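>>> have a look at this prediction, sequence included:
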Protein chains: 2
Amino acid sequence: MSQTIATAPVGNSGDRGSLLRASMAKRAAAVEAAIDSLLPPVPGSEARVVDAMRYATLGGGKRLRGYLAAEVASLFGVAESGAYRVSASVEMLHAYSLVHDDLPAMDDDDLRRGQPSTHRKFDEATAILAGDALQTMAFEILADAATHPDAGVRIGLVAALAAASGAAGMVGGQMIDMEGEGRALALQEVERLHALKTGCLIRYSAEAGAILGDADLSVRSRIAAYGRDLGAAFQIADDVLDATASAEELGKTAGKDQAAGKSTYVALLGVDGAAREARRVAEQAESHLDIFGAEADRLRDLIHYVVDRRS
Amino acid sequence: MSQTIATAPVGNSGDRGSLLRASMAKRAAAVEAAIDSLLPPVPGSEARVVDAMRYATLGGGKRLRGYLAAEVASLFGVAESGAYRVSASVEMLHAYSLVHDDLPAMDDDDLRRGQPSTHRKFDEATAILAGDALQTMAFEILADAATHPDAGVRIGLVAALAAASGAAGMVGGQMIDMEGEGRALALQEVERLHALKTGCLIRYSAEAGAILGDADLSVRSRIAAYGRDLGAAFQIADDVLDATASAEELGKTAGKDQAAGKSTYVALLGVDGAAREARRVAEQAESHLDIFGAEADRLRDLIHYVVDRRS
């Protein structure tokens, strides 16, 4: 896969690349701190499930969803304390879906980010409960964020509703994914699968920032469309990575989708074809940001980051 | 177990018993209709998970939680359409917890209400996803109910928050339950376990009706205390039933808790001692309703129903 799969900005890509990396590192640390403070360890009988929740949510990852929520919110001048609570909430929703997807009855994955998946580190029952509790907590934080002085009541409600549609999409996508194992899905089906499974939550993460910022509906739709296409580009790049990168680079089992007989963009389009499709969708994502000036450069650079990543 | 375990109202208990049964049947049908319309079957790849969600939520059960929400709401003159949506939401939270608790990695139960449990009827992956989606949908309905003309925005938010605490309790309780298998828990531990595992959601179901009715905080606290004690009495009676009733009466595997080495009220207090404790807690539940007149008679009768039931 080429390192210039996306429409790289000419000339200053190096500078902008390091600005993005610094911005992501700063926000990832803030999201981590927000999760740590919202989910402190507890003593007693519930210690184990809380430890599993912390294991599944803390300690890194790219924090793409939390970054999106916070970076979009900053476009609209939202106070950081409120934005990072919402970032923590979307990362909890993301973590809950990963913990459950990794379960033996689902994708049966032993590794996640190079570490034992939650049910391997703890046990299956604890992983099921930790995922359940992470979903509960994500909604609790959104409901609570709405009564926070930084954000209006209605805003929080709309955010909770949008989050629910993001969370519902994950289940629908996983269902299609499993149902489609071992049979060839058409390109349209694969697109729909990923639009639901990963796309809904990435789109919502971006949209949540605009909701928090009380953006006009037309602006909010642009941000949502950007998030939707960013999510699609992310997934296509993920398929290319799964087919071309090593387990060491990925931090998870490589070639797993192919082995499971899953229909991927690579299976349908080939590695080069999938890379071209990622580029096309990336350009489309960028087009939705036309209404913004330089203040949206981090969101533009994020598209390139997502498509060009090696892990 | 005596049929007069609770503090039976003298004289008119027969009439009031049939009034309660009629009221429960009417509301159960309305809750069923609300769930059916909120969760219609869908075609395509997601049909299976939606079918499992419908299987887990439709087709009966006592609807204790949905009844509580609607009956308390009626005390405060809440419109039925809004109340039954909240009833549907609490029943979805209840169903999600049952589907996940029955899983092989958890309580490994093959029967639920005399029918195959969801993972036996479908499969384990579908049951995990159906439970996940039911939790999501419950919060989606609460967030949406808040924008319904019958209820204020803030009310819905508070309801969502309270629901989250109810849902969080279920996970904590299940964790203590599993952690405590095979070792003897003290009475206090068993009380805490059940206060979390079943008590939180029953308390919330009652409280949700008062929240919808915009009740004063002091009145709302009384209703919450009633719900808490009703839930405790329900659980103690459940332990007595598990030890004394047949599988046919229960519609689920009998003597299961004992076989799993779980600490129950019966193990700690004996059958008679547990029945006495149920009576004591039932009286306490009734005392919280002292501020109401005859309009709360159905809630009073519900205490007797819960403690005297044979299934």
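Thanks, I have it. Numbers count the residues shown, from 1 in each chain, chains lettered A, B, ... in the order given.
>>> the stretch 1-150 of chain A: strands as residue ranges?
Using DSSP state E, counting those that start in this stretch, the strands of the stretch 1-150 of chain A run over A:111-112, A:115-116.
>>> give the rounded mean pLDDT of the first one.
So the one you mean is strand A:111-112. The average pLDDT for strand A:111-112 rounds to 90.
>>> sheet partners, orientation included, of that strand?
strand A:115-116 (antiparallel) (DSSP bridges).
>>> return the distance of the partner strand from the chain's centre.
19 Å (Cα atoms, centre = their mean, to the nearest Å).
>>> measure A:Leu85 to chain B for me?
Check again: residue A:85 is Arg, not Leu. 14 Å (Cβ to the nearest Cβ, to the nearest Å). C-beta: built from backbone N, CA, C; applies to glycine.
>>> so what's the residue count around that residue?
23 (other Cβ atoms under 10 Å in any protein chain shown).
>>> isn't it right next to A:Ile141, touching?
Yes. Contact status for A:Arg85 versus A:Ile141: in contact at 5.7 Å, counting by Cβ atoms under 8 Å.
>>> joint contacts of the two?
A:Leu38 (Cβ atoms under 8 Å, 6 or more residues apart in numbering or on different chains).
>>> partners of A:Pro116 in the sheet?
Where A:Pro116 sits in a bridge, its partners, by DSSP bridges, are A:Leu111.
>>> pLDDT wise, what is it at?
We have a pLDDT of 96 for A:Pro116.
>>> burial check on it, number of neighbours?
Neighbour count for A:Pro116, taken as other Cβ under 10 Å: 13.
>>> the one 4 residues further on too?
The number of residues packed near A:Arg120 is 16, by other Cβ under 10 Å.
>>> same thing with A:Ala274?
Neighbouring residues of A:Ala274 were enumerated by other Cβ under 10 Å; the total is 23.
>>> and the gap between the residue nearest to it when sequence neighbours are not counted and chain B?
Of all residues not flanking A:Ala274 in the chain, A:Tyr265 sits nearest, at 4.2 Å (Cβ to Cβ, 6 or more residues apart in numbering or on different chains). Separation of A:Tyr265 from chain B (Cβ to the nearest Cβ): 18 Å.
>>> any idea how many residues pack against A:Tyr265?
Residues lying near A:Tyr265 (other Cβ under 10 Å) number 27.
>>> also the one 3 residues further on?
By the measure other Cβ under 10 Å, the count of residues near A:Leu268 is 18.
>>> which helix or strand contains it?
With secondary structure defined by DSSP states H and E, A:Leu268 is part of helix A:265-287.
>>> give the next helix or strand downstream of that helix.
Once helix A:265-287 ends, the next helix or strand along the chain (criterion: DSSP H and E) is helix A:297-308.
>>> quick one: that following helix to helix A:265-287, angle?
Computed with axes from the mean of the first three to the mean of the last three Cα atoms, to 10 degrees, the direction of helix A:297-308 lies at 170 degrees from that of helix A:265-287.
>>> show residues contacting stretch A:178-187.
Counting by Cβ under 8 Å, 6+ apart, A:106, A:189, A:193, A:260-263, A:265, A:267-269, B:45, B:48, B:125 sit against stretch A:178-187.
>>> of those residues, closest to B:Arg300?
Set against B:Arg300, the nearest of those by Cβ to Cβ is B:Arg48 (43.3 Å).
>>> how about that closest one: what's its closest non-neighbour residue?
In space, B:Arg48 is closest to B:Thr126, 5.8 Å off (Cβ to Cβ, 6+ apart).
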